[in-house]
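K.L.:
I would like to see how this sequence folds:
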Amino acid sequence: MLNKLIKIANSLDSKGYKEEADQLDFIINKMAGGRFPGMEHEMHSPIEETKEFQDYEAEEEYKQDLESAAKLAELIVRGLGFIDDDEKNAVIDLAYLLSESEHMPTVAAISKFIENQ
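P.N.:
Numbering: from 1, shown residues only. All right, here's what the predicted structure looks like:
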């Protein structure tokens, strides 16, 4: 029964009936004793569903990724023997390249390795 109600709530959510879906979620949660594992979509507040919030979160994540990549790029470029402006430009270029999502696991692994040395 709860699974059917969750499907209905999800359907209401997807069709834009947020208030009705929230009300149904409240009922489901009560029926489940306050916690039901099938309600993953309700593990966040309604504000987190807004485009503005998701854009903000993505921007914050990007800033963190870029900062991590910049630190690693600086360490790498310093070891290459560039001089002044060439070094700064190389760090910037490498940081942007390393901040791409497919490179972040590598950045994290190398940064962790360097921190532990």
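K.L.:
Count the neighbours of residue 107 for me.
P.N.:
For residue 107, the number of neighbouring residues by other Cβ atoms under 10 Å comes to 20. To be clear about C-beta, it is placed using only N, CA and C from the backbone, and glycine gets the same treatment.
K.L.:
my guess is it meets residue 69, correct?
P.N.:
Yes. The pair residue 107 / residue 69 is scored as a contact, 5.3 Å apart, by Cβ atoms under 8 Å.
K.L.:
Find the residues that touch each one of the two.
P.N.:
98-99 (Cβ atoms under 8 Å, 6 or more residues apart in numbering).
K.L.:
buried ones in whichever helix in the chain runs longest?
P.N.:
Assignment by DSSP state H gives helix 51-78 as the longest helix of the chain. Within helix 51-78, the residues scored as buried using 16 or more other Cβ atoms under 10 Å are 65-66, 68-74, 77.
K.L.:
list the helices and strands it packs on?
P.N.:
helix 84-98, helix 104-115 (3 or more Cβ pairs under 8 Å, 6 or more residues apart in numbering; DSSP states H and E).
K.L.:
what's the closest of the ones you listed to residue 9?
P.N.:
Between residue 9 and the helices and strands packed on helix 51-78, the shortest separation by Cβ to Cβ is 34.0 Å, and it involves helix 104-115.
K.L.:
which residues touch the closest one?
P.N.:
65, 68-69, 71-72, 75, 98-99.
K.L.:
Most widely separated two among the residues you listed?
P.N.:
65 and 75 (16.2 Å).
K.L.:
shaky segments in this structure?
P.N.:
Scanning the chain for pLDDT under 70 picks out 1-2, 32-48, 82-84.
K.L.:
And it, what are its domain boundaries?
P.N.:
Domain segmentation of the chain under automatic domain parsing yields 2-45, 51-115.
K.L.:
that older thread, would you convert the helices and strands packed on helix 51-78 into CSV that also reports distance to residue 18?
P.N.:
Listed next are the helices and strands packed on helix 51-78 as CSV, based on distance: least, Cβ to Cβ, whole Å:
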stretch, distance to residue 18
helix 84-98, 38
helix 104-115, 32
